[in-house]
Structure formats: structure tokens, C-alpha cells
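Enquirer: Sequence plus predicted model, see below.
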Amino acid sequence: MKLDALDDRQREAAAHGDEPLLIVAGAGTGKTTTLAHRVAHLIDRGVRPERILLVTFARRAAAELLRRVDGLLNGGARGRAASGRVWGGTFHAVATRLLRLHGEHIGLHPGFTIHDRADSEDLLDVLRAELDLARGDRRFPRKATCADIYSRCVNAREPLGTLLDRGFPWCKEHEDGLKLLFRTYTDRKAEQNVLDFDDLLVFLDGLLADPAAGPIVRGRFDAVLVDEYQDTNALQADLLERLRPSGRGLTVVGDDAQAIYSFRAATVRNILDFPLRYPGARSVVLTQSFRSTPTLLEATNRVIAQARERHAKELWSARPGGERPELVTCRDEEQQSELVIERVLARREQGMDLRRQAVLFRASHHSAQLEIELGRRGIPFRKYGGLRFLEAAHVRDLLAFLRLLENPRDLVAGTRVLSLLPGIGPHIARALLDPVVAHGGFAPWRAARPPAAAAPRWPALVAMCEELSAPHGPALPVQVHRVRDFYAPLCEARYDHADARLRDLEQLEHAAAAFTDRSTMLAELTLDPPQSTQELAGPPSLDDDYLVLSTIHSAKGLEFDATYVIHAADGNIPSDLATGRPEEIDEELRLFYVALSRARDHLTVLFPLRWYDRPAGVGGKHSYAQLTRFLPPAVRAAFDERAAAPEALRAEALPTVESGVSAEIRKRMHDLWS
DNA sequence: GGGATGAGATTTTTT
DNA sequence: ATCTCATCCC
């Protein structure tokens, strides 16, 4: 195994022995390369690939890493199939696999279905109504807030009371109601053989803690490697300790300067305290950037230096100088889009593919105007983050059918399916589902009497459910096809643009062929949802070129030759919704840093002066924005500043010079109070 | 009890 | 613009 492609520190990390290892890897310092070499090195030293567990933040990251491991090992016979044998995936995906294999040891039926966030919210909503919590003069938290609170308690391992005090003071008065709700929620999931995202981690933790089963699961692995460790939460850190109690064989990689998932209960303490948790741990810090030019690093180093709490580390680069980053002030959003498109096309002219360029933004809707403009000009793009394929109602409908077939006791899925029929709402759905839950199959429906409006479609539904839930039913694409046929008229009756929606479902039918079975398909779609319809259709071909649009969160770990960070106005970055506490502002700063540090050669930060608060309606309410607080003069000095159209700015956007009259009026108003 | 309608509040990031 | 909740009619 050759490690000479690495620099000294990378090599030290890759070839490190068994003791716990922390790799602090700044942006672009070759983290993936190092991790790939470490995995290859382990295999080369005789560790069997199937005894290596590689936990990444997204499945794509695991696949990419293992591809590189294969590349490194290609010479030796042992490595040939490494990518297929190493355990790779997110915490949640790995937990699903282990629980299906070993969950029965702790009384978990392996046929469980998984509720995603929206399903959890639906169930909480039903229970909130059932428990009559919405009664009373004080408004009970909405379902999304309830789900948020629940999830944070579980992932941060924090009692409800203190969590409410710190994060949700306005919900404190409902503490008892929330406790009751969460108790009921837990019981109901158990009855339905359903696990939510958090349960996957909780039950794996329980499995590992079990005196009989724990050693068996632990014994499967010799090495555990975790990427993006700065974005793990307390529960995940405990899970790792259960997996490697002494820390031997454990490698974690991350960068505290890029911790951006505290809203999901991630805590930067995990990476900061790793050496305390595992005494004798080796720490390796990577600071040489192989990505950005020194001129860009000069700017990004200054940005992150503003963080209140951090491990100081200056990134440096051996690359030649390069172009200074630009900060461009625009009149408004339209001009910002103009400018981005102009730059993007100019760079494409010079030979830089669209996919080497990315537009990044804080919130998903920040790209709406740009998307329209790109569409108008026929410039292909792919958007990552924000509303995704799986969140569309028609896709959720179809998957609810499949989940009900997989697990007839899944009441959330069942309610969704039955409510599609005319005349059936939550109450009747519940009455029809109860006997199915008791029986564990659809036979009770043969004799059921649905309301008259639903009666014509009923026999077809029952026949379909019985046929497709049978142990040796038809092939998966055929199943999806059958469901789609049944669903089509319901979809047309219910939604606008039904034809476009049904085309999406056709895509889903094609995609179904790639999965071994229905259970796998459901789990994989839930745990790693396709970002778009295009992505579901398959990986883009090589000659397929498109501009990347992405939320900053979804751009984590990626790099581009040129990046454009749009809407760099205070209120957007940092988000107005996250400026309450100093820690929140620090996280927004790290988020801005993540955005800026994606660039290899060219970086443009854009700031539109005029900002529409609401999607432009009649009259278009707007206000004038301030530049993000993260670019004070001392930091801006590392940027080239320019205004997109100075004359336009003078004309309407900067009414700062007061006339003598207004000064006089102000003085009078002032004197009024003295 | 289902479903349409309208008023009022809320609006980030995602496994 | 979208979600949530209350009201009213079938």
C-alpha cells in the first residue's frame, strides 16, 4: 500500500495504528483522500472489508469514498470488491441494517417500517387531536414544533424541562401536555411496529447495551471510521462509544469550524471533547488546503477568525496566488441573477463546465428568482436542498400505499391511503384500519362496509392490497405499476397538474427495478431521498452539464471551481430566525464560512440592496438590506468590492443624504420631547 | 363525520 | 404563499 501521494500529516493519519484517532481536517485539506487511504491501509494490513464500518453524513459520500478505496487497492487482489463489502452509510442507514439483522434479540420485529419526519409529524398531529391538547385558550405548539422538541430531546439526551427552558421557552407552559403527547407517541409507534429516525439510533443504542446482543454486534467490526464528526449529536457519540468502548479502532474526522447542524441537536462538543472521552487518543490536524488559492484562503481565514469559540487554525496553500474574491453590491434580486448568469456563461465560454460552478444560498427559496431566470434562458441546472422529490404529496401518497402493503399496521400510511377515497376522513379511516391492525392483514376489509362515496373503488382496493401483500407477490415494478393504476384517477380528482405528477410516479416505477425488494426500496428512499426527479431517474451522464444550485447545508463537503454566494444580506446570512443567542450567530458564521470555502479558484459574494419580504405580489413590498455582519471592513479588505450598477444605486437605492428640509423636520420632532 | 370555505398566523437548514 | 383552525352545510 503506497501512501506517497499524501503529505506528512495525512500519511501519519492514514497509517495510524489502533489507538483512537481524531483527524481535524480544515476545508479542502484532503480529508476524503486521507480517509480513503486509511481504509485502504487497513484492508492492506489484513482487516477484512466487511469488518470495517464507515459512517458518513450522506450515502453519496460513502459511495464516493469506497470508489476511491477500490482505486487505491486495484493492484492487490484483496481490494477488488472492497466497496461492496465495507459497511458504509449514514448512522441511520447502518442502524437500519443492524436492527433488521439483530433487532429480534431485543424484541424488535425485523419487518418494521420507517417513519420520516413528515410521517412523525402526521402521527403527532393525530395524537394531539386525540388527546384533545389543542383545547384550551393557550395555543398548543404546532406539529412541526412538537416533532422538533421531541427529536431534540432524544438526540441531545436532554430532559424535556431543561430543553424547553433553553430552546423553546414559549412552549414551557405546555410541558405536561407535551410529556403526555410524547408518551402516547412512543406507545403508538410500538403498536404499529414503526420506527422513526430517532428510534433507529435509540434502538441501536439499546441493542448495543444489551448484555447478550451487544457483544455480537460489536464483534462484527474491527474498525469504525466516522466522517463529519463535528455534526454528530450526543446520542451518536454514545453509540460510537458502545461500538468501540475503549476507542481502539475508532477514527473520527471533522472540522469544528464547519459545524452547521446544531438545529438537529448536533454538538461541536463531540469533536472538541474527543481527546477527553478517549484518553490516549491521537490528534492530527490538517491545515494545508489543496483546494483554494492563497488569495481565497486569505479571505476565508479572516471570516472564520470572527468566531467566538473555536480551535484556531490557519489554512495555507502551496498553490500560486490567484484571483481575489469579489463582493458585488446589486440593486436588487433581478440584477443579482443577471450578474450570476453573466459570470457563469462567461466562464463556460472559457471552458469551465457548468457543473464545476455552484450558486449557494442560506434558505431554499432564495434561489426562486434565479431558477425562473435560468429556466427562461434555457440554462440547465440542478437544485439541491429544500423541497425534495419525496415531499411532494403525490409521491408521499404512492409510498404510503407501498408502506401499508409492507406493514398493514402502519396507521399513518393506512390513514393517508384511505383518506384518498371520497367520503373517507380520519375517523372512518381509523374504524376501517383497526381490524386490519388487529388481524395483521387485509382480510377484514372483504366484508367491510365503506361509505357510499367510496364503495365503487373499494373492491379494487381490497383486491390489490391482498394480492400485493401476499408473501410471494409480483415483482416490485409491477407492484408500483398496479398501485399507480389504482391511484391515477384519485390523483386527477385531487390535485392540479395531475399529468405531471403521474409522470413523476412513472419515474418511481422505473426506479423500483433497481431495488431488491419493497422493504429495501422504502427504507432507502426514506433514509436517503433523491434530491430531485432527475436524480431518481439515475446518475447524470458525463456529457450532461448543469449549473449547481444548492443550500449551503447541502453543499457541505463539495467543492467547485467557481462559487457564487447570493443574498449575503443580514437577515439572510445570518438568518433573522437564528440571531437570538450568540451560539446561534456563531453557527451562522460557520455556515457562511462553509459557503465561501467551497471555492477552488473563483469566489463571488453578491448582495442585493433591495429585498422583497414577500414573494412579489401587487405593489411589491420591499425594504433596503444591510450587508451581512460577517463582512466588516477588516474582512472586506480581502475582497474586491464593486457595485453592479453605480448609477442605478445613486438614483434610487441610497437616499441617505438628507435635504435641509428633512433635517429641520427631524430637529423639530426631536425637540418635541425635550 | 366529511369536506369546502375563509380568517389568521407563520415563514431555515435535514437524517 | 402555505399551514392551521373554526365554521358551516351536506
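Expert: Thanks, I have it.
Enquirer: Could you count how many residues lie near residue A:573?
Expert: Residue A:573 has 28 neighbours, counted by other C-beta atoms under 10 Å. All C-beta spots, glycine's among them, are computed from the backbone N, C-alpha and C.
Enquirer: ok, it touching residue A:630?
Expert: Yes - at 6.8 Å, residue A:573 counts as touching residue A:630 under the criterion of C-beta atoms under 8 Å.
Enquirer: between those two, what contacts are shared?
Expert: Taking C-beta atoms under 8 Å, 6 or more residues apart in numbering as the contact rule, residue A:573 and residue A:630 both touch A:588, A:592.
Enquirer: Check the offset of stretch A:36-48 from the chain's centre.
Expert: 29 Å (C-alpha atoms, centre = their mean, to the nearest Å).
Enquirer: who touches that stretch?
Expert: A:1, A:3, A:5-6, A:10-11, A:13-16, A:49, A:52, A:54, A:65-66, A:68-69, A:72-73, A:76, A:78-79, A:82, A:85-86, A:222-223, A:225, A:251.
Enquirer: Of the residues you listed, which belong to strands?
Expert: Residues of those located in strands (DSSP state E): A:52, A:54, A:223, A:225, A:251.
Enquirer: What about these, which one has the most neighbours?
Expert: Among those, residue A:251 has more neighbours than the rest - 27 neighbours, counting by other C-beta under 10 Å.
Enquirer: And that one, what's its pLDDT?
Expert: Here, the pLDDT recorded for residue A:251 equals 97.
Enquirer: Which strand residues bridge it?
Expert: residue A:21, residue A:225 (DSSP bridges).
Enquirer: Wait, residue A:390 touches residue A:116, no?
Expert: Yes - Residue A:390 lies in contact with residue A:116 (C-beta under 8 Å); the separation is 7.4 Å.
Enquirer: which residues touch the spatially most central residue of chain A?
Expert: The centre of chain A sits closest to residue A:554, judged by C-alpha atoms, centre = their mean, with a distance of 6.4 Å. Residues near residue A:554 by C-beta under 8 Å, 6+ apart: A:384-385, A:531.
Enquirer: on that earlier part again, and the contacts of stretch A:36-48, which of them are buried?
Expert: A:1, A:3, A:6, A:10-11, A:13-14, A:16, A:49, A:52, A:54, A:65-66, A:68-69, A:72-73, A:79, A:82, A:85-86, A:222-223, A:225, A:251 (16 or more other C-beta atoms under 10 Å).
Enquirer: hmm, back to that, common neighbours of residue A:390 and residue A:116, please.
Expert: A:526, A:529.
Enquirer: Can you pull out the residues in contact with stretch A:92-106?
Expert: So stretch A:92-106 is contacted by A:53, A:55, A:59, A:87, A:89, A:108-110, A:112, A:114, A:195, A:197, A:200-201, A:203-204, A:206-207, A:210, A:212-213, A:216-217, A:523-524, A:527-528 (C-beta under 8 Å, 6+ apart).
Enquirer: So is it next to DNA strand B?
Expert: Yes - residues of stretch A:92-106 are located near DNA strand B by C-beta under 7 Å from any atom of the strand, namely A:92-93.
Enquirer: chain center to that stretch, what's the gap?
Expert: Going by C-alpha atoms, centre = their mean, where stretch A:92-106 is centred and where its chain is centred differ by 22 Å.
Enquirer: ok, back up a step: any chance of the ones in strands among the contacts of stretch A:36-48 in TSV with distance to residue A:38 as columns?
Expert: Listed next are the ones in strands among the contacts of stretch A:36-48 as TSV, based on distance: C-beta to C-beta, whole Å:
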residue	distance to residue A:38
A:52	10
A:54	10
A:223	9
A:225	7
A:251	6
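Enquirer: does residue A:607 really touch residue A:625, like I thought?
Expert: Yes - the criterion here is C-beta under 8 Å, and residue A:607 meets it with residue A:625 at 7.3 Å.
Enquirer: what is in contact with these two at once?
Expert: residue A:569.
Enquirer: neighbour count winner among those two?
Expert: Per other C-beta under 10 Å, whichever of residue A:607 and residue A:625 has more neighbours is residue A:607, with 26 against 19.
Enquirer: And the strands in the stretch 251-400 of chain A?
Expert: Here the stretch 251-400 of chain A has its strands, by DSSP state E, counting those that start in this stretch, at A:282-286, A:326-330, A:357-361, A:381-384.
Enquirer: SS state for residue A:549?
Expert: Look at residue A:549: counting by DSSP: H, G, I helix; E, B strand; the rest coil, its state is strand.
Enquirer: what's the closest non-adjacent residue to it?
Expert: residue A:383 (4.3 Å; C-beta to C-beta, 6 or more residues apart in numbering).
Enquirer: In contact with the one you found, which residues?
Expert: A:367, A:371, A:531-532, A:549-550.
Enquirer: which among these end up buried?
Expert: So, by 16+ other C-beta under 10 Å, the buried ones in the contacts of residue A:383 are A:367, A:531, A:549-550.
Enquirer: quick one: which two of the residues you listed are the most distant?
Expert: Comparing all pairs in the buried ones among the contacts of residue A:383 by C-beta to C-beta, the longest separation belongs to A:367 and A:531, at 13.5 Å.
Enquirer: sorry, back to before: check the spacing between the residue nearest to residue A:549 and residue A:560 real quick.
Expert: With distances taken as C-beta to C-beta, to the nearest Å, residue A:383 is found 15 Å from residue A:560.
Enquirer: With residue A:65 instead?
Expert: From residue A:65 across to residue A:560, the span is 19 Å (C-beta to C-beta).
Enquirer: circling back: which of the strands of the stretch 251-400 of chain A is buried the deepest?
Expert: strand A:357-361 (a mean of 27; mean count of other C-beta atoms under 10 Å).
Enquirer: So what touches that strand?
Expert: For strand A:357-361, contacts defined as C-beta under 8 Å, 6+ apart pick out A:340, A:344, A:347-348, A:367, A:370, A:547-552, A:555, A:558, A:560-567, A:572, A:595, A:598.
Enquirer: and residue A:206, what is it in contact with?
Expert: So residue A:206 contacts residue A:106 (C-beta under 8 Å, 6+ apart).
Enquirer: Would you mind measuring from residue A:566 to residue A:346?
Expert: 17 Å.
Enquirer: Residue A:568 contacts residue A:631, doesn't it?
Expert: Yes - using C-beta under 8 Å, residue A:568 is in contact with residue A:631, at 7.2 Å.
Enquirer: Overlap in contacts, these two.
Expert: A:327, A:605.
Enquirer: which SSE is residue A:563 in?
Expert: In this assignment (DSSP states H and E), residue A:563 forms part of strand A:560-565.
Enquirer: which secondary structure elements does that strand contact?
Expert: helix A:333-349, strand A:357-361, helix A:582-596, strand A:599-608 (3 or more C-beta pairs under 8 Å, 6 or more residues apart in numbering; DSSP states H and E).
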